[in-house]
Structure formats: structure tokens, C-alpha cells
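Chemist: Structure, please.
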Amino acid sequence: MTKREKRLLLVAAVVGVAAVAAALVLTALNSAVAYFYTPSDLQKLEKTPVGLIRLGGLVAPGSVKFAEGRETEVNFVIKDEFAETAVSYKGVLPDLFREGQGVIVQGKLENGRVLASEVLAKHDENYMPKEVADALKEQGRWKEGETP
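Modeler: Alright, predicted model coming up:
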């Protein structure tokens, strides 16, 4: 083998190893990434998102239903101005969780219902998660002067 062939072989080996490493990293990240949606966004999707999602909006008034005899199983609806999405959650809810309150849930979408593994509640009247504020701005419903 000439020097040129050895160098070419070395470069090919380095590129191959880098490609395998990048593929492994992307595969690992794919299972850990959670995309943010609003109920309207979910309604517009043509195919069901696979993996973890985050859903943000307001808890619909009158929608919170605890499973009979179980305070840690709850079903509720998250809504925005245009759509609603049902949510099921097993676990202890945050103290600030209530109807009409802003929340973000993380979980999987199955048969039009989010099976939540985590529920995050808004902590005061001035706070809004960045993802929710950005979604409101995209939909043209953001009022200038509001604190994100």
C-alpha cells in the first residue's frame, strides 16, 4: 500500500466511526426528546406523534374527574381557544393544579388521549412557560405587555 492509500483508508475509517457514533447519539436522543404541542396543534397533525410529547394549555372547568376510590388517578381535559385534548394521569398532582389553571403534561398520545407521566402546574398569575408563550404568539393570541 502506498502512503496515499493508507491515508485514504484512515480517513474512511474515521468517517465511518463518526457516522456510527452520530447514529447512536441520535437514536438515544430520539427516546429522550419531548416535543411541545397545544391541543390545536395535536388536532392539526396528520399522523400521531410517536414517543414523548408535552401538551400545554388550561385545565377545562368541570373536566377533572378522580377515579372512584383512588385519589391518585385522575382524568381531565386540557384546552386552548380552539381544541381540547383528554388526559389521564396516575400520580400525585401538584398543589397548584386546579380547573382553569395553566398546565403542561408530559406523556404519550394514545387513541386521542394523553397518558401523562408528569403534570406541571403554573406557579403564579404572571408566569407562563416559554413554550406556551411561543405557541400563543404563533397563533396570534399573545397580548403585548404580558409577561412570558
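Chemist: now the most centrally placed residue in the chain, which residues is it bridged with?
Modeler: Central residue of the chain (Cα atoms, centre = their mean): residue 54, 1.6 Å from the mean position. Counting by DSSP bridges, residue 54 forms beta bridges with residue 36, residue 106.
Chemist: as a whole number, average confidence for stretch 133-145?
Modeler: Per-residue pLDDT over stretch 133-145 has a mean of 73.
Chemist: just for the protein, where's the confidence low?
Modeler: Applying pLDDT under 70 to the chain flags the ranges 31, 123-128, 142-148.
Chemist: That one: strands as residue ranges?
Modeler: 35-37, 53-59, 65-66, 73-79, 84-90, 102-110, 113-121 (DSSP state E).
Chemist: I'd like those as CSV, with distance to residue 16 appended.
Modeler: Placement of C-beta: from N, CA and C, glycine included. Below are those laid out as CSV (distance: least, Cβ to Cβ, whole Å):
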stretch, distance to residue 16
strand 35-37, 31
strand 53-59, 34
strand 65-66, 55
strand 73-79, 46
strand 84-90, 44
strand 102-110, 35
strand 113-121, 37
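Chemist: Kindly state which of the ones you listed is positioned closest to residue 134.
Modeler: For those, the distance to residue 134 is smallest for strand 35-37, at 8.3 Å, taking Cβ to Cβ.
Chemist: Pull stretch 39-51 out as CSV, backbone CA atoms only.
Modeler: Taking Å, rounded to 0.1, in the frame of the first residue of the first chain, the C-alpha atoms of stretch 39-51 are listed here in CSV:
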residue,chain,number,x,y,z
PRO,A,39,-54.5,20.9,21.8
SER,A,40,-54.9,22.8,18.5
ASP,A,41,-51.5,21.5,17.2
LEU,A,42,-52.5,17.9,18.0
GLN,A,43,-55.7,18.3,16.2
LYS,A,44,-53.9,19.5,13.0
LEU,A,45,-51.4,16.7,12.9
GLU,A,46,-51.9,14.2,10.2
LYS,A,47,-50.2,11.3,12.0
THR,A,48,-49.9,10.5,15.7
PRO,A,49,-46.7,11.7,17.3
VAL,A,50,-44.5,8.8,18.5
GLY,A,51,-42.7,8.9,21.7
